[in-house]
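Visitor: Need coordinates for the below:
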Amino acid sequence: MAPFLGSEAVAAGRASKYDLRSRFTAIYPDVYVADDADLTLDDRALGAWLWSGRRAVLCGLTASALHGARYVEDTQPVELVSPNRRPPGGIRAYNHELREGEITEAGQWGLPATSIARTVFDLGRRSPLDEAVARLDALGNARCFRAPEVLDWARSRHGGKRGIRQLEIALDLHDPGAESLRETWLRLLTVRAGYPRPETQIPVVSGDGRRRYFLDMGWERLKLAVEYDGDHHRTSPAQFAHDIVRTEDLEDLGWIRIRVTKRHNKPEILQRLARAWDARVHSDRDFHRKGDLCAPSALRGPAA
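Guide: Got it, this is the predicted structure:
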């Protein structure tokens, strides 16, 4: 059962006040769900919209999730544009001015939400830079947008708004090939250490042509990749078995991979990458001589 307004249900005879107390739980003032409801973000967004008197527009991370972006935690408050500046717990209200074309419908319930461009604008300028990049990556992975076009749109419509400079930086660092927040973190780590920006989701076919893989990020010409392994690589027997075959295939093709988990710290990751980089760049004399890359010693900066 979807969230509903208790006052409307009572007025329509669909529930009594006793029913509301005994069979349902209020998630926001006058917004009820069944006691055993397993709420999704869409459900919570619907409830917040009902609380607003059906006048709010979902925005920020909530709009991003409704547009299909992953990794928006259930603990995040529902974000919406509403004149009510005293929302209940679990709702964060903004008094943004939304212009023509900045509202669309999204999510399971077809709720009013900020457009892709407007959502990018809000995500890119409000959070700390690294988080903003990660959120833009997640949205871009779900819904393709062209960063230069969005930036031009933002400058023309909201050029005087606070955070435009950060939005420019975040969009420059944005890469929709990131498939997790930690992949974004890892990519930013390599870039800030001085390495050329890695390619993402590099396609590789096994030597026998029967299996196709995508490497998180790396430098295809050097056959050097950096990948982030989440816990499922360790806890899932099927994933573990797949990884064994994948590793053998990539080694046969001559790839070096730096595999990273949450237990590895930044200096350790950069040291491992530096060793692999030195080996690969020095062995590729044509690559090095053409000046496509600086000398490895010039690339490695301090740990970020």
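
Visitor: would you say residue 42 is within a strand?
Guide: No. Residue 42 is assigned helix when assessed by DSSP: H, G, I helix; E, B strand; the rest coil, not a strand.

Visitor: need the contact list for residue 185.
Guide: Applying Cβ atoms under 8 Å, 6 or more residues apart in numbering, one finds that residue 185 lies in contact with 130, 134, 228. Heads up, the C-betas are built off the backbone N, CA and C, glycines and all.

Visitor: just checking, the second one touches residue 178?
Guide: Yes. Because the distance of 7.4 Å satisfies Cβ atoms under 8 Å, residue 134 is recorded as touching residue 178.

Visitor: List the residues that are in contact with both of the two.
Guide: In contact with both residue 134 and residue 178: residue 184, using Cβ under 8 Å, 6+ apart.

Visitor: Now, the contacts of residue 185 that are in strands?
Guide: By the criterion of DSSP state E, membership of those in strands covers residue 228.

Visitor: Of the contacts of residue 185, which is the nearest to residue 39?
Guide: residue 134 (24.4 Å; Cβ to Cβ).

Visitor: now the closest one, nearest residue through space, not along the chain?
Guide: The spatial neighbour of residue 134 that comes closest, neighbours along the chain excluded (Cβ to Cβ, 6 or more residues apart in numbering), is residue 184 at 4.1 Å.

Visitor: can you map out the helices along the stretch 51-200 of the chain?
Guide: Shown for the stretch 51-200 of the chain, the helices assigned by DSSP state H, counting those that start in this stretch span residues 60-66, 116-126, 129-142, 147-158, 164-173, 181-192.

Visitor: and the closest residue to residue 186 other than its chain neighbours, how many neighbours?
Guide: Spatially, and ignoring its direct neighbours in sequence, residue 186 is nearest to residue 228 (5.1 Å; Cβ to Cβ, 6+ apart). Using other Cβ atoms under 10 Å, residue 228 has 24 neighbouring residues.

Visitor: Next: residue 174.
Guide: Residue 174, neighbours per other Cβ under 10 Å, totals 23.

Visitor: Measure how buried the closest residue to residue 280 other than its chain neighbours is and give me the count.
Guide: Spatial nearest neighbour of residue 280, chain neighbours left out: residue 222 (4.3 Å); criterion: Cβ to Cβ, 6+ apart. When neighbours are defined as other Cβ under 10 Å, residue 222 has 19 of them.

Visitor: Do you know the pLDDT at residue 222?
Guide: pLDDT, residue 222: 96.

Visitor: domain assignment for the chain?
Guide: When the chain is parsed with automatic domain parsing, its domains come out as 39-173, 181-299.

Visitor: between these, which one is nearest to residue 20?
Guide: Ranking the domains of the chain by their distance to residue 20 (criterion: Cβ to Cβ) puts domain 39-173 first, at 14.3 Å.
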